[in-house]
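Visitor: Structure for this input, please:
(one chain, ligands or ions: 1)
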Amino acid sequence: MIRPEELLYLDNNATTAIDPAVLESMRPFLEEFFANPSSGYGFAAQVREAIEEARQQVADLLGCEAREIIFTSGGTESNNTAFYSALEAAPDRRHVVTTAVEHSAVLRPAKDLENRGYAVTFLAVDKAGQLNLNKLADAIRPDTTLLSVMWANNETGVIFPIEKVAAIAREKKVPFHTDAVQAAGKIEIKLGDVPLQFLSISGHKLHGPKGVGALYVNRLARFRPLLRGGSHENNRRAGTENTASIIGLGKAAEIARAKMRDEQGRVRKMRDRFEQCLLERISGARINGAGADRLPNTSSIMFDGIESGAALLMLDQRNVCCSAGSACRTGSLKPSHVLSAMGLLGDEARGSLRFSFGRFNTNAEVDRAVKIVPEVITKLRALSPALAN
Ligand SMILES: Cc1ncc(COP(=O)(O)O)c(C=O)c1O
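Guide: Residues are numbered from 1 along each chain as shown. I've put the predicted structure just below:
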């Protein structure tokens, strides 16, 4: 067993540690307040009220109305629901626009649509991972049923100009969904100022529990539920509510909102120092997405002459947790689709590692990381000619 104090957890885009205050908020709903929120007695009403408070907390984080929040099982379900809803609401429109760098929880539903005869446009990005908004506008057709563009990229942290994308979608009268799973809690989201129809978030990326998330549905948007059954969530998502996790998500949203300013600054300082030290200490290293607006916590770095799988193994031996691209890709030999879309060659993409910082990282951990990572890269580079023989 690795003791927590030995662990160097730099993989906060994969998941985050639950905040102790979140855990405490959940506990009563796993112990005493176990009622089914749909039941008719007062004991259940208490649980319903707590769920409504959580809905308000999530709405406050996003700057929208509580009635625009539907609780789901996570980012994946939220994304799938947005797709399904938009498609069902306009069945004769057969074209979808998204980007080449989305998380698989958007890419896979989009590719599935292609197999079902839809036309799907996957927008390219430039070397810094940025979108060309003119091309985005040109890609929208009269039969486009949905535009789906992530708020921030999970691998590189590159932030897309969602306000501008939303303005284009509005002008073209196309429903717009954004996967904000990596953005929520890390950067400000003010839905009052952004005209979009659907937005996805996930509890476990903001120090909340896993297996819970939310979908924002603009109160004026046409909506069709993905899961049908009981009348939960105002007939928009059937299934007995995952009460404790919903309460936890609400608390996590409240904390993220309260701490956002301070945390952004603190985390950005750690991330920037980490990058600066590595670039100074390791030759042939480059930041993927440098030059673009990036999340304050994410660092995707390409190291010449290494293979990320081997690097991850060695880092794991030193109790460093990070990833090659997204956690979902662990074990895959294929280079990251995000880095490939940014024009990295196979070897460059395969030589990239993602480090992502969070609330519970400390400066002392950055000190350790900037010692260990160069040692590992140097060792790997020394080994690689031998491996090639
Ligand atoms: C950008 C993005 N979208 C969606 C998801 C999926 O969220 P969940 O794990 O809650 O299904 C993730 C998780 O890695 C993500 O990073």
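Visitor: my guess is Ala119 meets Val97, correct?
Guide: No - in terms of CB atoms under 8 Å, Ala119 does not count as a neighbour of Val97; the distance is 9.5 Å. Placement of C-beta: from N, CA and C, glycine included.
Visitor: Of the two, which one has the most company?
Guide: Using other CB atoms under 10 Å as the criterion, Ala119 and Val97 rank with Val97 on top: 25 against 13.
Visitor: a helix runs through that one, doesn't it?
Guide: No - using DSSP: H, G, I helix; E, B strand; the rest coil, the assignment for Val97 is strand, not a helix.
Visitor: give the contact list for the closest residue to Glu348 other than its chain neighbours.
Guide: Leaving aside its sequence neighbours, Glu348 sits nearest to Met302 (CB to CB, 6 or more residues apart in numbering; 5.3 Å). Shown in contact with Met302 (CB atoms under 8 Å, 6 or more residues apart in numbering): 285-288, 339, 344, 348-349, 351-352.
Visitor: Same check on His95?
Guide: By CB under 8 Å, 6+ apart, the contact list for His95 reads 118-121, 141, 143-145.
Visitor: The residues you listed: which ones sit near the ligand?
Guide: Among those, proximity to the ligand is found for none (CB under 6 Å from any ligand atom).
Visitor: follow-up on the earlier one: narrow the contacts of Met302 to those in helices?
Guide: Judged by DSSP state H, these include 339, 348-349 as members of helices.
Visitor: which of those residues lies closest to the ligand?
Guide: Leu339 (15.2 Å; CB to the nearest ligand atom).
Visitor: surely the closest one meets Glu155?
Guide: Yes - using CB under 8 Å, Leu339 is in contact with Glu155, at 7.0 Å.
Visitor: check which helix or strand covers Met302.
Guide: strand 298-303 (DSSP states H and E).
Visitor: Can you flag the buried ones in the contacts of His95?
Guide: 118, 120-121, 144-145 (16 or more other CB atoms under 10 Å).
Visitor: if we can go back for a sec, which of the ones in helices among the contacts of Met302 has the largest number of neighbours?
Guide: Going by other CB under 10 Å, Leu339 tops these with 27 neighbours.
Visitor: Give me the spatial nearest neighbour of that residue, chain neighbours excluded.
Guide: Leu339's closest residue in space is Ala349 (CB to CB, 6+ apart), at 3.8 Å.
Visitor: and the one you found, what is it in contact with?
Guide: Contacts of Ala349 (CB under 8 Å, 6+ apart): 302, 325, 335-336, 339-340.
Visitor: possible to save those as TSV with pLDDT?
Guide: Shown next, in TSV, are those (pLDDT from 0 to 100):
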residue	pLDDT
Met302	97
Gly325	69
Pro335	90
Ser336	94
Leu339	96
Ser340	96
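Visitor: With distance to Gly40 added, can I get the residues you listed in a markdown table?
Guide: Below are those laid out as a markdown table (distance: CB to CB, whole Å):
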| residue | distance to Gly40 |
| --- | --- |
| Met302 | 59 |
| Gly325 | 49 |
| Pro335 | 56 |
| Ser336 | 51 |
| Leu339 | 54 |
| Ser340 | 55 |
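Visitor: tell me which of these is nearest to the ligand?
Guide: The closest of the contacts of Ala349 to the ligand turns out to be Gly325 (CB to the nearest ligand atom; 10.7 Å).
Visitor: what bits of the protein have low per-residue confidence?
Guide: Within the chain, the ranges that satisfy pLDDT under 70 run 325-333, 385-389.
Visitor: can you rerun that using 50?
Guide: Applying pLDDT under 50 to the chain flags the ranges 386-389.
Visitor: Please list the residues of this protein that sit near the ligand.
Guide: Counting by CB under 6 Å from any ligand atom, the chain sits next to the ligand at 74-76, 103, 105, 150, 154, 179, 181-182, 202, 213, 326.
Visitor: For Arg268, pull up the helix or strand it's in.
Guide: Per DSSP H and E: helix 243-281 holds Arg268.
Visitor: which residues are contacting stretch 106-121?
Guide: 79-80, 83, 87, 94-98, 102, 122, 139, 148, 150, 179, 337.
Visitor: make it 7 Å
Guide: Applying CB atoms under 7 Å, 6 or more residues apart in numbering, the external contacts of stretch 106-121 come out as 79-80, 83, 94-98, 139, 148, 150, 179.
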